[in-house]
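>>> I would like to see how this sequence folds:
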Amino acid sequence: MIQDRLDKIEERLKQSQAVKESDKVELLNLLKTLRTEITDLSKTRHEQAESIAGFAELSAREATRREKNPELFNLSLAGLTSSVHDFEISHPQLVEIINRFCTMLSNLGI
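Okay, here's the model as predicted:
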């Protein structure tokens, strides 16, 4: 399920007309690292990993929509940020990746 969500994010980013090519490359690289971190996390904390992947998928969907809804986008980013809040000590790279992912999505022009 987690891998399916990450695959959906990857496809959405690749197909998006709303995201510049340079931003796509950077987001896809972040996604690759995120995939590794979430896979590792899912071995011990599957529900939390599923939540992070779900919010990441939702955030990517909202960021790449042609007709953007800033309120829904901000809610999705808040959910994604909140989903990694408890991992700052145990998984600092995961938190860093999510923060960079959120920042990149925010900068897409919402």
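
>>> next SSE after the lengthiest helix in the chain?
Across the chain, the longest stretch assigned as helix under DSSP state H is helix 21-42. Counting by DSSP states H and E, the element after helix 21-42 in chain order, helix or strand, is helix 46-64.

>>> show me the contact partners of that following helix.
1-2, 5-6, 8-9, 12-13, 16, 18-19, 27, 34, 38-39, 41-42, 68-69, 72-73, 76-77, 79-80, 83-84, 86-87, 94, 98, 101-102, 105, 108, 110 (C-beta atoms under 8 Å, 6 or more residues apart in numbering). Where you see a C-beta, it was placed from the backbone N, CA and C, and this is true even at glycine.

>>> now with 6 Å?
The contact list for helix 46-64, computed with C-beta atoms under 6 Å, 6 or more residues apart in numbering, reads 2, 5, 8-9, 12, 16, 18-19, 38, 41-42, 72-73, 76-77, 79-80, 83-84, 105, 108.

>>> in it, what counts as buried?
48-64 (16 or more other C-beta atoms under 10 Å).

>>> which SS state does residue 89 fall under?
coil (DSSP: H, G, I helix; E, B strand; the rest coil).

>>> what's the burial count for it?
7 (other C-beta atoms under 10 Å).

>>> offset the numbering so it begins at 481, please.
I'll keep to 481 as the first residue from here, and by that count the last item is residue 569.

>>> quick one, phi psi at it?
Residue 569 adopts backbone torsions of phi -90, psi -50, taken as degrees, to the nearest 10.

>>> quick one: it and residue 575, what's the gap?
Going from residue 569 to residue 575 by C-beta to C-beta, to the nearest Å gives 9 Å.

>>> elements contacting the longest helix of the chain?
For helix 501-522, the packing partners by 3 or more C-beta pairs under 6 Å, 6 or more residues apart in numbering; DSSP states H and E come out as helix 482-495, helix 526-544, helix 572-586.
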